[in-house]
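# pasting the sequence and the predicted coordinates here, then a few questions.
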Amino acid sequence: MSRVKEFVEKYYVERRNTNSLKWDALEERFGNPELLALWVADMEFKTPECIREALIERVDHGVFGYTKLPKSYYDEYKNWHKKKYNIDIEKKWIRFAPGIVQAILWVIQAYTKIEDSVIIMPPVYYPFANSIRNSGRKLVESPLLEEDGKFKIDFETFEKEIRENDVKLYIHCSPHNPVGRVWTLEEQRRVFEICEKYDVFVLSDEIHQDFTYENHKQISALALDEGRYNNRLIVANSGSKTFNLASLVHATLLIPDEDVRKAFDKFSKENLGAEPSLLGQIALEAGYKEGHEWLEGLKETIVYNYNLLCEELAKNVPEIKVYPLEGTYLVFLNIEKVLNGKTTKQFIQDECGLAIDFGDWFGKGYKNYVRINLATNPENIKEAVERIVKNCNR
Ligand SMILES: Cc1ncc(COP(=O)(O)O)c(C=O)c1O
């Protein structure tokens, strides 16, 4: 606890009245400004000192013109990925986007045509489905299976849906939001073998890569079988989750294959021409250089919050099913057994006063599930659990 206490004392900040989407848009998004905010995936923690200092120095310089990335940026980016994930990234693979959601839309548009089929594995981060639908592509789903208390990939359905719908693109969420899985080597191999068999292109969204726990190790799609699938792959990642930088709008696309890169560059020339974010780039370089210890403190805090939630619920309302947290800082729960005829919104929002992500945002069939953001003060998690327990036992 002492490291957690130290981390929280040093970095926790009150975010109400700071133009925070999570806290200051509660009225617009949920119709109640007083809710306890545990929804959208950002945190109540300040970024590490190294990032703030680098940003302050740049802000003091006072000029925010167009930017060119220095060698030091690429070095830190490469070091982080080499040290943590044993992948050798080449500078020529790197492209930028003002966020992963934007990048998803670009990849759909650049590598598929109108009415092509794109497959996802719900329950999954909802902008995947929205981006597919909004760009006039056909949404194909291969829902995860719930087995032995955790979510698993349904390989048979995945293959069948790809075959029957002539799927062109699969959007992989790794680690998986909201179910908290960190996909194993075997699971990813099977998925990519199927994609190879049917010539399906893959976008691997690895934004949660830096949040894995215990013996669960993140394996980037780039590292599968010595890059065997790199000719059909784009990986998207960023420091947005890792260091709480979402509003600095700086994300990376990794495109190892020359032909795939050429296609992206052609699309980019004709459609976007995005510039990298100056402050985003400075923040990420500083974080990758010196933010490791801060990240370890953060991860301990998340695990502490997860254990707190699990223990209190197991003791007081064991009917609520909590899924294992292998990765991400988002915990998925099935609250079906405590609803007693109420809707999830009536119970969680109206009775408990919590703003969370509702399960049905992530796919049909998940209306009795909720996702809670653990990257906050343990006091907020304690308060949330107390409200759930109290309202279950009323
Ligand atoms: C899987 C996943 N992808 C992308 C994003 C958002 O990325 P960005 O803010 O860079 O658009 C999130 C945010 O929660 C996420 O969970």
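On my side now, so go ahead.
# near the ligand, which residues of this protein show up?
Contact residues, the chain versus the ligand (Cβ under 6 Å from any ligand atom): 41, 99-101, 125, 173, 177, 205, 207, 238, 240, 246, 251. Heads up, the C-betas are built off the backbone N, CA and C, glycines and all.
# secondary structure class for residue 73?
Assigned with DSSP: H, G, I helix; E, B strand; the rest coil, residue 73 falls in the helix class.
# who's in contact with the spatially closest residue to it that is not a sequence neighbour?
Distances taken as Cβ to Cβ, 6 or more residues apart in numbering place residue 285 nearest to residue 73, at 4.7 Å, with adjacent residues excluded. Contacts for residue 285 (Cβ atoms under 8 Å, 6 or more residues apart in numbering) come out as 54, 72-73, 76-77.
# closest one of the residues you listed to the ligand?
Nearest to the ligand among those is residue 77, at 15.8 Å by Cβ to the nearest ligand atom.
# in the one helix or strand the closest one maps to, what's buried?
Assigned by DSSP states H and E, residue 77 belongs to helix 71-85. Within helix 71-85, the residues that qualify as buried are 73, 76-78, 80-81, 84-85, counting by 16 or more other Cβ atoms under 10 Å.
# equivalent analysis for stretch 325-339, please.
325-335, 338-339.
# dump those residues into a markdown table; add pLDDT as well.
As requested, the buried residues of stretch 325-339 are exported to a markdown table (pLDDT from 0 to 100):
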| residue | pLDDT |
| --- | --- |
| 325 | 98 |
| 326 | 98 |
| 327 | 98 |
| 328 | 98 |
| 329 | 98 |
| 330 | 98 |
| 331 | 98 |
| 332 | 98 |
| 333 | 98 |
| 334 | 98 |
| 335 | 97 |
| 338 | 96 |
| 339 | 95 |
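# restricted to strands, list these.
Within the buried residues of stretch 325-339, residues falling in strands by DSSP state E are 330-334.
# which of those sit farthest apart?
Maximum pairwise distance among these (Cβ to Cβ): 14.5 Å, between 330 and 334.
# can you list the residues that contact stretch 305-315?
Stretch 305-315 is contacted by residues 320, 322, 325, 331, 333, 372, 374-376, 378, 381-382, 384-386, 388-389 when judged by Cβ under 8 Å, 6+ apart.
# going through these, which ones are buried?
Buried positions within those, assessed by neighbour count (16+ other Cβ under 10 Å), are 320, 322, 325, 331, 333, 372, 374-376, 378, 381, 384-385, 388-389.
# picking that back up, ok, the buried residues of stretch 325-339 vs residue 274, which is closest?
Nearest to residue 274, judged by Cβ to Cβ, of these is residue 328 at 26.5 Å.
# could you list the low-pLDDT ranges of this structure?
The model of the chain has pLDDT under 70 over residues 1, 394.
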